[in-house]
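Colleague: A structural model of the following input is requested.
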Amino acid sequence: MTNHPALPLQSLRGVRILSLALNLPGPAALMRCRQMGAACLKLEPPGGDPMDHYSRPAYARLHEGITVLKADLKTAEGQEVLHRELAQTDVLLTSFRPSAFKKLGIAWDTLHQRYPALSQVAIVGSPGERAEAPGHDLTYLAENGLVPGLELPATLYADMGGSLMATEAVLQACLMRRSAEDAANAAHGVFIEVALSVAAGHLALPRQWGLTQPDGWIGGAHAGYRVYACKDGRVALAALEPHFAAALCAAAGMAACDIGTLLAPATRRVIADFLLTKTRQELDTLAVEKDIPLHTMA
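Modeller: A predicted model of the protein is given here:
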C-alpha cells in the first residue's frame with residue numbers, strides 16, 4: 001500500500017485548471033493543485049507525456065484523479081479541443097518556451113483578449129530574455145552552485161521547487177481574481193511566469209549565505225550537524241540547538257558543550273569515534289532516550 005502524505009486543505013475547490021505542461025514540474029504542480037481540490041484536466045500530444053516513458057509509476061502517481069485527453073495543438077481539431085476547454089478554465093498551466101505559444105497561436109495577449117477571466121501560469125527554464133535558452137534541472141542547479149562534485153544531486157530540486165512555486169502562482173492568480181470579484185470588478189486574469197532557474201536560486205540561498213558551505217555551521221563545521229559513520233551504517237545527526245547538542249555531548253562523554261567546543265575539529269573526532277562504537281539500533285534507542293535528533297541509514 002502506498003503511503004500518501006496528509007492532503008492539504010481544499011483551498012482550490014471550485015477552481016478549474018487546464019494543463020499543457022509535460023515532464024515533471026508542470027504535472028507535479030497539477031498534482032498538488034488537485035490535492036488542494038482543483039478540478040484538473042490535461043491535454044497531451046498524441047505521443048503522450050515523456051514521463052510516461054521515463055517512469056510509468058511516476059506518471060501514474062502524478063496523474064491520479066486528473067482527466068487526461070489527447071490533442072494535437074498543431075491541427076485544427078486539436079485547437080478546437082483546446083479552445084473548448086479554455087472557455088471553461090480558470091487557470092492555464094504551461095511549460096512551453098515563449099516562441100512555441102506564438103507558433104500555436106496562443107500567446108498570452110491573444111488568450112487574454114479572447115478569455116479575459118483566464119489566468120496563465122507559465123513554467124519556463126530561465127526568466128525573461130533567457131526563457132528560450134535550453135536547460136534542465138541539472139543545469140539550473142549547477143548555475144546556482146548546487147552541484148559541488150561529480151555526483152548527480154539526490155533529487156530533481158529545481159523541478160520540484162519550481163512545481164511548488166507554480167502551485168503558489170495558481171493560488172496567487174485565484175486570490176487576485178477573487179479580490180477583483182469582491183470589489184465588484186469583472187474577473188481579470190493574470191499572467192505569472194515561474195522560472196526553474198529562479199526556483200534553484202531560491203533553494204541555493206542558504207549556500208549563498210554561507211550556511212551550507214563546508215565551513216558553515218550547517219555545512220559541516222558544527223560537530224552536531226553532520227553525517228557520520230556508525231558501526232553498521234551511517235547516521236544523519238542534527239543536534240544543532242543547545243539542548244540537543246548538550247544531550248549529544250553528554251552521550252559521547254564530553255564535559256564541555258559550548259559553541260566553541262562544537263566548532264572544534266577535535267570535537268568532531270570525538271563524536272565520530274563514539275558513533276563508530278554504536279549500531280544503528282543502539283543509536284535509534286539513544287535518540288529516543290536522550291531526545292537527540294538523528295536518523296540512521298544503511
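Colleague: can you tell me what sits against stretch 223-235?
Modeller: Residues outside stretch 223-235 that contact it (Cβ atoms under 8 Å, 6 or more residues apart in numbering) are 217-218, 220, 236-240, 244-245, 248, 262-264, 267-268, 271-272, 275-280, 282-283, 294-298. In short, each C-beta sits where N, CA and C put it, glycine included.
Colleague: for stretch 146-155, same thing?
Modeller: Residues contacting stretch 146-155 (Cβ under 8 Å, 6+ apart): Asp137, Leu138, Leu141, Tyr157, Ala200, Leu203, Ala204, Arg207.
Colleague: which among the contacts of stretch 223-235 count as buried?
Modeller: 217-218, 237-239, 244-245, 248, 262, 267-268, 271, 275, 278, 280, 283, 294, 296 (16 or more other Cβ atoms under 10 Å).
Colleague: so of those residues, which ones are in helices?
Modeller: The helices, defined by DSSP state H, take in Phe244, Ala245, Leu248, Leu262, Thr267, Arg268, Ile271, Leu275, Arg280, Leu283 from the buried ones among the contacts of stretch 223-235.
Colleague: could you point out the longest helix in this structure?
Modeller: helix 157-182.
Colleague: parallel or antiparallel, list what pairs with the next helix or strand after that helix.
Modeller: Remark: after helix 157-182, the chain's next helix or strand is strand 191-195, criterion DSSP states H and E. Using DSSP bridges, the strands paired with strand 191-195 are strand 119-124 (parallel).
Colleague: circling back: quick one: average confidence on the longest helix of the chain?
Modeller: Average pLDDT, helix 157-182: 92.
Colleague: where does the protein dip in pLDDT?
Modeller: 1-8, 181-187 (pLDDT under 70).
Colleague: try 50 this time
Modeller: Where the chain drops to pLDDT under 50, the residues are 1.
Colleague: quick revisit: so the longest helix of the chain versus strand 119-124, what angle?
Modeller: 160 degrees (axes from the mean of the first three to the mean of the last three Cα atoms, to 10 degrees).
Colleague: show me what helix 157-182 is packed against.
Modeller: With contacts taken as 3 or more Cβ pairs under 8 Å, 6 or more residues apart in numbering; DSSP states H and E, helix 157-182 sits against helix 25-35, strand 91-94, strand 119-124, helix 137-143, strand 191-195, helix 196-203.
Colleague: how about 6 Å then?
Modeller: helix 25-35, strand 119-124, helix 137-143, strand 191-195, helix 196-203 (3 or more Cβ pairs under 6 Å, 6 or more residues apart in numbering; DSSP states H and E).
Colleague: many thanks, we can stop here.
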